[in-house]
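S.K.: Need the 3D shape of this:
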Amino acid sequence: MARWSAGDHSALDSQLWSHLQSVDWKRMRSALSPSSGSQITISTVIKNLAELGGRGVLSDFPLSIHSTEVETVSIEPSIETTRRGQSPPSKLKQKKGKVTEPYSEPFVTEIVGRALWLQDNLGSAIVACWAELRAHAAQSKRSTSHPKTIEERRAIIANFPWRDPTGKRVTQLPWTMTWAREKRTTAAWPPRDAISINIMVGVIQAMNYCVHSFCTGGRSSESLDGTDGSLDPHGTGRYVANTFKLAEGERGQERDWPLHPRALKALQLQQEIARVIRPEGEAHLWVLLQDGAEPAGSPLRNVNEPVVQAVSQLGLSHLTGSSRPHSHRWRHTVARLIALCVAAAPQVLMDLFGHKDLEMTLQYMLSDPAIAQDVKKVAAEIAYAVAGEALADVELGAAAGPAAVSLRVGLADFKMRRGEHALGTDSMSEAIRILTFNGRLWELVRPGVLCTKGLGQFGPCTQGRGSPDAGACRTDCDHRLEMARAKADCAGVLARLLDEHAAASEEGADLLVANIEGQILANLYRWEDVRERILASSHSASMIWSSRKAA
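M.R.: Numbers count the residues shown, from 1 in each chain. Now for the predicted structure:
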């Protein structure tokens, strides 16, 4: 609205609103949005501006408003009614669903899976055919509705080389599509007319956006700010754009997001679409595909409607839950999945979402009322799986740590009582339930390291009985169990610590050297074969091991 007023209807004194007449407001509504719903929104904005002016908040506000366009408001400054003595207003209940509802796993699986299939098979071909159809329309002297033009465009589609990367001709999609013009749902490929190709390009753009949002968790304003320069300009695997909500200034603040290879592939495919239709010299990635309030090729500012249409055409609307596929739901979906799967989820999400404080992040993590139950369920499943892997390592003699010896003896007795040479599926399940007390014990200290301490057992981390403290775990604790996959991690940690030890020694940082030596010694205790290999190859490690043993 402000751009419209400043562009063609600006006042000499640089006012935006106060000089406009009733006819100007009607022209603005007609020019900016032909739909009745959007016109109501514009009328509401006009009314709110007038009210703010009437209260003395704005000096530039609508003065000439026809009573049939918006409700009559006073333009004379007035004193706001006092609320002294009134009871405080009750807190409004948040509406259920809406944009805070995460997407379900079936919906995410379906739409992302279809997007990946198109990336690998037909995406670039569809864009190339679309570009050829647009070039034909631009060169033809007949309208696109002329029978001869329709026939020629259908021939372009039919003769296009629709082949997958292996060279095999594609005649079917792995799912069905709803073609509005043909009024039918089919998986046959290719479609019969150019309008269906246009629809497919819109679907691809929507799915590109969904894959990008699923990988970055960005706000729509941040994602739609992307340009050609956003695609990893420095070769660092990042997506660069501006963030606006928590940043000052009209152009916001530049930041970046980690970019999964599949998200990069989606953005590269999106770049192919944008280059076909956007004006020469422009660099925006997301584009309007049809003329509307702005011409086709202009920057896409509202991605929700294209996504809603694409989900409907893909036949996935029944998987979106109680609310429509709004762009902000991807942000809540990412928050939920990371909360379920990542131990340091709050810090990871705080960094990914660009939040200023932890409270904002927790609102996303707890937006789904069922997330607490989901976390407990996932934690129990992970605990069971990790315990099973650890017991398998113990049985094979691949585990380490003080607890490995006692567990190996216990498992041998357990198998002897059952008359088994090796743990079968049923016996393994029983052993896990007994040893972990149905998944409520055996805490994961770090990847590949478990604490097997029970509530009634002593341990150095608690200086007595009680729940184990993973933060105070020691390598010489009798309850520490090292899984086989921790061995490679141990060797890598020792290599890094030895490099840091050499650098600190060269700088003469004695306190830091002593600290690093303690960490090296603790890791040397973990695996005998790793220790022997490191001591044989590193003079520094050998000196540290010998000196501490002597002490």
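S.K.: Tell me which helix or strand Asp256 sits in.
M.R.: Element membership for Asp256, per DSSP states H and E: strand 253-258.
S.K.: how about the helix or strand following that strand: buried residues?
M.R.: Where DSSP H and E defines the elements, the next helix or strand beyond strand 253-258 is helix 261-277. Neighbour counts over helix 261-277 (16 or more other CB atoms under 10 Å) mark 262-274, 276-277 as buried. For every residue, glycine as well, the C-beta is placed using N, CA and C.
S.K.: just the helices in the stretch 1-150 of the chain please.
M.R.: Listed in chain order, the helices of the stretch 1-150 of the chain (DSSP state H, counting those that start in this stretch) span 2-8, 22-32, 36-54, 105-120, 123-139, 147-159.
S.K.: Spit out the contact partners of the residue lying closest to Thr227 once chain neighbours are set aside.
M.R.: Spatial nearest neighbour of Thr227, chain neighbours left out: Ala283 (4.2 Å); criterion: CB to CB, 6 or more residues apart in numbering. Contacts for Ala283 (CB atoms under 8 Å, 6 or more residues apart in numbering) come out as Thr227, Asp228, Gly229.
S.K.: Show me which of these are buried.
M.R.: Thr227.
S.K.: Could you let me know which of the contacts of Ala283 ends up closest to Ser220?
M.R.: Using CB to CB, Thr227 is the member of the contacts of Ala283 that lies nearest Ser220, at 15.6 Å.
S.K.: Phi, psi for that closest one please.
M.R.: For Thr227, the backbone dihedrals (degrees, to the nearest 10) come out as phi -130, psi -180.
S.K.: From Gln270, how far out is it?
M.R.: For Thr227, the distance to Gln270 equals 11 Å [CB to CB, to the nearest Å].
S.K.: what's the overlap in contacts for those two?
M.R.: Leu285.
S.K.: coming back round to it: name the nearest of the contacts of Ala283 relative to Gln309.
M.R.: Thr227 (24.6 Å).
S.K.: Return the residues in contact with that closest one.
M.R.: Here Thr227 is in contact with Ala241, Ala283, His284, Leu285 (CB under 8 Å, 6+ apart).
S.K.: ok, back up a step: output the contacts of Ala283 in JSON lines; the columns should cover pLDDT.
M.R.: Output for the contacts of Ala283, formatted as JSON lines (pLDDT from 0 to 100):
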{"residue": "Thr227", "pLDDT": "93"}
{"residue": "Asp228", "pLDDT": "91"}
{"residue": "Gly229", "pLDDT": "89"}
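S.K.: Lys141: which of the contacts of Ala283 is nearest?
M.R.: Of these, the one sitting nearest to Lys141 (CB to CB) turns out to be Asp228, at 33.8 Å.
S.K.: Ranking by neighbours, what's the top pick from the contacts of Thr227?
M.R.: Among the contacts of Thr227, Leu285 has the most neighbours (other CB atoms under 10 Å), with 28 neighbours.
S.K.: if I look at that residue, how far off is Leu267?
M.R.: With CB to CB as the criterion, Leu285 and Leu267 are 7 Å apart.
S.K.: Overlap in contacts, those two.
M.R.: With CB under 8 Å, 6+ apart as the test, Leu285 and Leu267 both reach Gly226, Ser230.
S.K.: ok, then the element right after the lengthiest helix in the chain?
M.R.: When the chain is parsed with DSSP state H, its longest helix is helix 371-396. Following helix 371-396 in sequence order, the next helix or strand is helix 402-418 (DSSP H and E).
S.K.: Tell me which residues of stretch 192-204 come out buried.
M.R.: For stretch 192-204, using 16+ other CB under 10 Å, the buried residues are Asp193, Ala194, Ile195, Ser196, Ile197, Asn198, Ile199, Met200, Val201, Gly202, Val203, Ile204.
S.K.: Sounds good, over and out.
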